[in-house]
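*Asks:* Show me how the following folds:
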Amino acid sequence: MVEQTNTLNEQFGPMIEQIKELFFEFGIKNLNMDDISRKLGISKKTLYRFVKSKEDLIAQLFEYEELKWIEHTKDISNQDVNAIEKLFKVSLMVYVEMKKFNPMLMFELRKYYETVFLEYHTRKLEQISQNMRLNLVQGIEEGLYRQDVNIDAVVAIYINYLIEIHSSDMCKTAEITFDELFKVMFENHIRAISTPAGVAFFEARKKEVSENLKNNNQ
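*Replies:* So this is what the prediction gives:
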């Protein structure tokens, strides 16, 4: 009987991290359960104590990532910093994740594990949307974002940009790197919604934003 093990279990948590890195390195289709157990240094029987199948493994990996995301965003929201600072910290998390989640992985997930992927993708976008709404409210209250900002419209546009810039075709067409696209997108977003005070704060931290992106690309 398959053990119903929480993905944050002390034994399975480290395995999930290793499996995630294997998928990033080799792709999803190229790894079967024998490959995964061998690279983890365990028997396939041991691996099946934690998961029912490869699809279940991917579902648990997504659950694990969601729990990490919720925990990290909660930590950021509790920090005593302004809305622009929080937005950059959350956007940097998205950026780092998207850099690893290459188009080939997206293609394989959509083709071979569509239901699991779409359920996760929908939940993730909703989580990002909720964080953005809270951020916009805070920024307006702080006088950093404009009072007349249409929150629902801004959230929809920003989410769409996040999805679009991950397209390899956009990078090829524009002959620009993903890093540059992300930096321009973030700056354009801040300038579009900010008051003069918000723009001034961003200008003072603009160099630091670039450095953070550079450091996370090494």
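*Asks:* Confirm Val51 sits in a strand?
*Replies:* No - the assignment for Val51, made by DSSP: H, G, I helix; E, B strand; the rest coil, is coil rather than a strand.
*Asks:* Surely it is in contact with Leu57?
*Replies:* Yes - here Val51 reaches Leu57: they are 4.3 Å apart, a contact under C-beta atoms under 8 Å. Bear in mind the C-beta positions are built from the backbone N, C-alpha and C, glycine included.
*Asks:* Off-centre distance for stretch 147-163?
*Replies:* Computed by C-alpha atoms, centre = their mean, to the nearest Å, the chain-centroid distance of stretch 147-163 equals 17 Å.
*Asks:* ok, then the element right after the helix or strand of the chain with the lowest mean pLDDT?
*Replies:* Considering only helices and strands, the least confidently modelled element of the chain by mean pLDDT, DSSP states H and E is helix 168-174, at a mean of 55. Per DSSP states H and E, the first helix or strand lying C-terminal to helix 168-174 is helix 178-193.
*Asks:* which secondary structure elements does the helix or strand following that next one contact?
*Replies:* Proceeding N to C from helix 178-193, the next assigned helix or strand is helix 196-215, under DSSP H and E. Helix 196-215 makes packing contacts with helix 83-100, helix 178-193 when contacts are defined by 3 or more C-beta pairs under 8 Å, 6 or more residues apart in numbering; DSSP states H and E.
*Asks:* Turn those helices into TSV, columns for mean neighbour count, distance to Lys68 and mean pLDDT.
*Replies:* Written out in TSV, the entries for the helices and strands packed on helix 196-215 read as follows (neighbours: other C-beta atoms under 10 Å; distance: least, C-beta to C-beta, whole Å; pLDDT from 0 to 100):
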stretch	mean neighbour count	distance to Lys68	mean pLDDT
helix 83-100	18	10	85
helix 178-193	17	21	88
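*Asks:* Next one: the nearest residue to Lys206 once chain neighbours are set aside relative to Arg205, how far apart?
*Replies:* If you skip the residues right next to it in sequence, Lys206 has Glu187 as its closest partner in space, 7.4 Å away by C-beta to C-beta, 6 or more residues apart in numbering. Spatial separation of Glu187 from Arg205 under the definition C-beta to C-beta, to the nearest Å is 11 Å.
*Asks:* That's all I had, so thanks and see you.
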